[in-house]
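> prediction below, plus the sequence it came from.
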Amino acid sequence: MRIIFMGTPDFAVQVLDAIIKDGHEVVGVYTQPDKPKGRGKSMQFTPVKEKAIEYNIPVYQPIKVREPEVVEEMKRLKPDVIVVVAFGQILPETILSIPPLGCINVHASLLPKYRGAAPIQRVIIDGEKESGVTTMYMAKGLDTGDMIEKTVVPIDTKETGGTYHDKLAAAGAKLCLSTLEKLEKGTAPRIPQDDSQSCYAHMLNKAMGELDFQKSAEELERLIRGLNPWPSAYTYLQGKTLKVFEADVVAEPNGTITENHTKADAGTIVAVDKKSFTVQCGSGALCIRSLQLEGKKRMETAAFLLGYSVTTGMKLGKDAESTS
């Protein structure tokens, strides 16, 4: 089939690669404009653009796809179907109506749950046991179109946003090929979504990663995993930003560190050994295993403790003062 592919981040690359290797004719790739990156502010290609160039496929990077000249350009490409994977812009009806077989979206959740921009991280943060990928016909609303197929992917107990992203990307590539085959044969179903079962996965931002130690250790451990590797969970140690990438939930070590044997304040370091340190939470405690202090590289806590003095009674947080 003649396919226009629309996508931008790494998640979309495996889908594009699978479509090409399956023998479909990708007549054009649409992706977001290049952005400056790094200290030198050199222009960075999107991951999808890099893959398209590798296959010598024409790349289009409109600032706004709804512009009339962009719509006309797409019409001239005469696609049978448009495949959209994390493109980054809402498509107008003028584009949705172009391909005779429709515009198909590969979405990284089991719709109707977790519509929106960040379903991969949110399912981990929320403690879901499984999620997956859904293919659907695109409609005017956000992730509201009729579903075609789903594939379920279990979430491991130590799954991170990064590891689950890779699993879903691979699953999405396989599912997309299955859906394209059904479209070509005319056997693709239309399964309406139950809007009452939906929830929205808002876009990620750095601020949501700040650890509130008044919360339970279980909640914070899920947040740490969900935001690993980006934007990452963080706190502050003696005024410096401390990113946390890996932690274990543990019982409160005796539940006491003060002279009168009362429970330590949330955010207080209550135990230190050669490999880790443990922080009191609202309930339970977190044993920190992997981190990155401001100005330093990411490392295991064992390596960090060789060069940085951490003692019981120190407190984590923006305005924390040590009680040691």
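Here it is on my side, so go on. Numbers count the residues shown, from 1 in each chain.
> which residues touch Phe5?
Contacts here follow C-beta atoms under 8 Å, 6 or more residues apart in numbering; on that basis Phe5 touches 12, 15-16, 19, 26, 28-30, 48, 52, 82-83, 85. C-betas here are computed from N, CA, C, even on glycine.
> how far away is it from Pro192?
To Pro192, Phe5 is 26 Å away according to C-beta to C-beta, to the nearest Å.
> ok, Lys64 next?
30 Å.
> can you spell out the domain ranges of the protein, please?
Per automatic domain parsing, the structural domains of the chain span 2-201, 206-307.
> by mean pLDDT, show me the worst of the ones you listed.
Looking over the domains of the chain, mean pLDDT reaches its minimum on domain 206-307, with a mean of 92.
> now do the same end-to-end measure for it.
Taking C-alpha to C-alpha, to the nearest Å, domain 206-307 runs 27 Å from one end to the other.
> starting at the chain centroid, how far to it?
Chain-centre distance of domain 206-307: 22 Å, with C-alpha atoms, centre = their mean, to the nearest Å.
> Ser232 is in contact with Thr241, isn't it?
No - with contact defined as C-beta atoms under 8 Å, Ser232 does not count as touching Thr241 (9.8 Å).
> more neighbours: which of these two?
Ser232 (18 against 15; other C-beta atoms under 10 Å).
> and the residue nearest to Arg298 when sequence neighbours are not counted, helix, strand or coil?
Spatial nearest neighbour of Arg298, chain neighbours left out: Gln292 (4.1 Å); criterion: C-beta to C-beta, 6 or more residues apart in numbering. Look at Gln292: counting by DSSP: H, G, I helix; E, B strand; the rest coil, its state is strand.
> look up how far Ala233 lies from Gln292.
Note on Gln292: its distance to Ala233, by C-beta to C-beta, is 11 Å.
> more crowded one of these two?
Ala233 (24 against 17).
> what ranges do the helices span in this structure?
10-21, 47-54, 68-77, 93-96, 119-125, 161-185, 217-226, 301-307 (DSSP state H).
> output the ones you listed in a markdown table; the columns should cover mean neighbour count.
Below are the helices of the chain laid out as a markdown table (neighbours: other C-beta atoms under 10 Å):
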| stretch | mean neighbour count |
| --- | --- |
| helix 10-21 | 20 |
| helix 47-54 | 20 |
| helix 68-77 | 14 |
| helix 93-96 | 17 |
| helix 119-125 | 24 |
| helix 161-185 | 19 |
| helix 217-226 | 22 |
| helix 301-307 | 15 |
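> redo those helices as CSV? Include distance to Met136.
Listed next are those as CSV, based on distance: least, C-beta to C-beta, whole Å:
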stretch, distance to Met136
helix 10-21, 14
helix 47-54, 20
helix 68-77, 20
helix 93-96, 12
helix 119-125, 13
helix 161-185, 9
helix 217-226, 24
helix 301-307, 43
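> minimum distance to Thr134: which of those helices has it?
With C-beta to C-beta, the closest approach to Thr134 among those belongs to helix 161-185: 8.1 Å.
> show me what that closest one is packed up against.
Judged by 3 or more C-beta pairs under 8 Å, 6 or more residues apart in numbering; DSSP states H and E, helix 161-185 is in contact with helix 10-21, strand 81-85, strand 103-107, helix 119-125, strand 130-137, strand 147-154.
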